[in-house]
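# how does the following fold in three dimensions:
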Amino acid sequence: MHPLLILLVGMATILVAIVGLRLSAFLALITAAIVVSLLAPGEPAVRIGRVAEGFGRTAGAVGVVIALASIAGKAMMDSGAADRIVRAFLAWLGVERGATALCATGYVLSIPVFFDTVFYLLVPLARSMYGRTNRNYLKYLLAIAAGAGATHTLVPPTPGPLAIAGTLGVDLGTMVLVGIVVALPAAGVGLLCAGWVDRRMPVVPRAHAAPVPAEAAAPQSLPGLVPSLLPIVLPVLLISSHTVVVSMTARPGAHFAFWSTLATYTAIIGNPNLALLVSAGIALWVYARQRGASRADLTEVVDTSLTGAGFIILIVAASGAFGVALQATGIGPVIERAFVGQPGGAVSGMGSGLIYLFLGFGVASLIKIAQGSSTVAMITAAAMLAAMLPASGGRLPFHTVYVATAIASGSLVGTWMNDSGFWLFSKMGGLTEIETLKSWTPVLAIVGVTGMVTTVALALLAPLR
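Residues are numbered from 1 along each chain as shown. From the prediction side, this is the model:
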């Protein structure tokens, strides 16, 4: 069977399973992986075996990091560290710039904490600010969505960008640094768009909105700002340190012996598994100190975190199996021949390489529109692009990280009623479905498109090759 036809069968299997049969994303991806692998060339035993091989390889690459990040995020919420960060941004920027403060807070908190949790935390503040100013309620809500949505989809260790980096073979430190850079203008433009939408469609909090948490604890019961930020800042610094040191060893004229020796140590402290272990340890320590938690309390936090993390790890690993099955079909050379030229040759010019960016963005957007989950859209699109890139990925005129950020940006475009985030925004914010479609959907799309524009600009101006 032709590789492109096998690809279509695999995509159809995923969409029918998730959209039509309402099956779990894990079952959809693992079924698609088996179907594609059976249709791909190879001995019968090999066809089945490579599904498990791809599953195990991906789980080994990202499983520990996802589990530890989940623990850190849960501990930060329970200790009050997340609330402390919120208060700090409000104190720095003031109530008059409340939308900017909420956007910045969402931007920072969504690096280790899931989007829905961040939104749940910040909605009471949006209502409180409206009570003080009697205006801009929708702007406050959309500012949270823009800031939190940008980093949640672009910056590890949240599952989507972490899975993309692992699938495409992108160094995690590079993904963190580039993801932060791409997410910043995306969140900024989203904030501006939030103000524009608010002026044209003013909304007030409604009584039928879903209940939100009570007012946060008093400031004296919260941890300090430095320990609150450490679980976020420290792993980013540790992981990025090795990326920076390795890049220095490749520079002409650099003191190679010094940087090479230093790289030996940064390879250890900058290992994502160790960095996230340190992050989780600090977050648990802050929680135990602040709440006087017993060992049983700490065990409950860890167990609760791992329950949710396990489901995500299974989905990400299943996407890895799907990617390995697609690679076995020979889809990479076919796509390369169609868009770039003869397989095995260097990519001819920047324009040819940009095709992969737009392909990743478009595929992620289509999958997002069809089934609703940004994470599933990201990991599925990444698995497809990974199968297309091997022959030419090493000779792209820019770093593969830009393919990753293009996919992540595409997963924000097309969020509507099949997305849980749509209903979270609608019900907790007290908006009607039409109001949500006119506000949440376009603002998230603009955040995604801005991320894509930034990605293309960086690929042209700073290819990192």
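# what about the stretch 51-200 of the chain, any weak spots by pLDDT?
For the stretch 51-200 of the chain, applying pLDDT under 70 flags no range at all.
# can you give me the helices for it?
Along the stretch 51-200 of the chain, the segments classed as helices by DSSP state H, counting those that start in this stretch run 81-93, 98-109, 115-133, 137-154, 159-168, 172-200.
# out of these, nearest to A386?
In this view, the helices of the stretch 51-200 of the chain are compared for proximity to A386 by Cβ to Cβ, and helix 159-168 is the closest at 5.0 Å. The C-beta positions use only the backbone N, C-alpha and C, and glycine is treated the same way.
# returning to what we had before: from the helices of the stretch 51-200 of the chain, which stretch is densest packed?
Sort these by mean neighbour count, taking mean count of other Cβ atoms under 10 Å, and helix 137-154 sits at the top with a mean of 31.
# just the CA atoms of that one, as PDB, please.
Listed in PDB are the C-alpha atoms of helix 137-154, where the atom choice follows Å, rounded to 0.1, in the frame of the first residue of the first chain:
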ATOM      1  CA  TYR A 137     -14.200  41.600  33.000                       C
ATOM      2  CA  LEU A 138     -13.900  39.800  29.600                       C
ATOM      3  CA  LYS A 139     -10.500  41.400  29.100                       C
ATOM      4  CA  TYR A 140      -9.400  39.900  32.400                       C
ATOM      5  CA  LEU A 141     -10.600  36.400  31.500                       C
ATOM      6  CA  LEU A 142      -9.000  36.500  28.100                       C
ATOM      7  CA  ALA A 143      -5.700  37.800  29.500                       C
ATOM      8  CA  ILE A 144      -5.500  34.700  31.600                       C
ATOM      9  CA  ALA A 145      -6.300  32.500  28.600                       C
ATOM     10  CA  ALA A 146      -3.700  34.200  26.400                       C
ATOM     11  CA  GLY A 147      -0.800  34.100  29.000                       C
ATOM     12  CA  ALA A 148      -1.600  30.600  30.200                       C
ATOM     13  CA  GLY A 149      -2.400  29.100  26.800                       C
ATOM     14  CA  ALA A 150       0.900  30.400  25.300                       C
ATOM     15  CA  THR A 151       3.300  28.700  27.700                       C
ATOM     16  CA  HIS A 152       1.100  25.700  28.300                       C
ATOM     17  CA  THR A 153       1.400  24.800  24.600                       C
ATOM     18  CA  LEU A 154       5.000  26.000  23.900                       C
END
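# show me what it is packed up against.
Counting contacts by 3 or more Cβ pairs under 8 Å, 6 or more residues apart in numbering; DSSP states H and E, helix 137-154 packs against helix 98-109, helix 115-133, helix 159-168, helix 172-200, helix 374-388, helix 401-410, helix 420-429, helix 433-461.
# ok so, going back, A387: which of the helices of the stretch 51-200 of the chain is closest?
Closest approach to A387 among those (Cβ to Cβ): helix 159-168, 9.7 Å.
# okay, the angle between the closest one and helix 401-410?
150 degrees (axes from the mean of the first three to the mean of the last three Cα atoms, to 10 degrees).
# next, the angle helix 137-154 makes with helix 159-168.
Angle between the axes of helix 159-168 and helix 137-154 is 30 degrees (criterion: the same axes, to 10 degrees).
# and A283, how far is that from A32?
Here A283 is placed at a distance of 36 Å from A32 (Cβ to Cβ, to the nearest Å).
# now stretch 433-449: how far from the chain's centre is it?
Average the C-alpha atoms of stretch 433-449, do the same for its chain, and the two points are 18 Å apart (Cα atoms, centre = their mean, to the nearest Å).
# now swap in stretch 404-423 and tell me
How far stretch 404-423 lies from its chain's middle: 11 Å, per Cα atoms, centre = their mean.
# and what of stretch 6-17?
Distance, centroid of stretch 6-17 to centroid of chain: 23 Å (Cα atoms, centre = their mean).
# distance to G330 added to the helices and strands packed on helix 137-154, as CSV?
Converted to CSV, these look like this (distance: least, Cβ to Cβ, whole Å):
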stretch, distance to G330
helix 98-109, 41
helix 115-133, 37
helix 159-168, 18
helix 172-200, 28
helix 374-388, 9
helix 401-410, 20
helix 420-429, 36
helix 433-461, 27
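# to L359, which of those helices lies closest?
Taking Cβ to Cβ as the criterion, L359 comes closest to helix 374-388 out of these, the separation being 6.9 Å.
# any idea of the angle that closest one forms with helix 115-133?
Using the same axes, to 10 degrees, helix 374-388 lies at 130 degrees relative to helix 115-133.
# show the average pLDDT along helix 374-388.
Across helix 374-388, the average pLDDT comes to 87.
# need the CA coordinates for that helix. CSV is fine.
What follows is helix 374-388 as a C-alpha-only set of coordinates in CSV (Å, rounded to 0.1, in the frame of the first residue of the first chain):
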residue,chain,number,x,y,z
SER,A,374,-4.3,20.5,22.1
THR,A,375,-2.1,17.9,23.6
VAL,A,376,-3.4,15.1,21.4
ALA,A,377,-3.1,17.5,18.4
MET,A,378,0.5,18.2,19.2
ILE,A,379,1.6,14.7,19.9
THR,A,380,-0.2,13.3,16.8
ALA,A,381,1.2,16.0,14.5
ALA,A,382,4.7,15.6,15.9
ALA,A,383,4.6,11.8,15.3
MET,A,384,3.6,12.5,11.7
LEU,A,385,6.3,15.2,11.1
ALA,A,386,8.9,13.0,12.8
ALA,A,387,8.2,10.3,10.2
MET,A,388,8.7,12.9,7.4
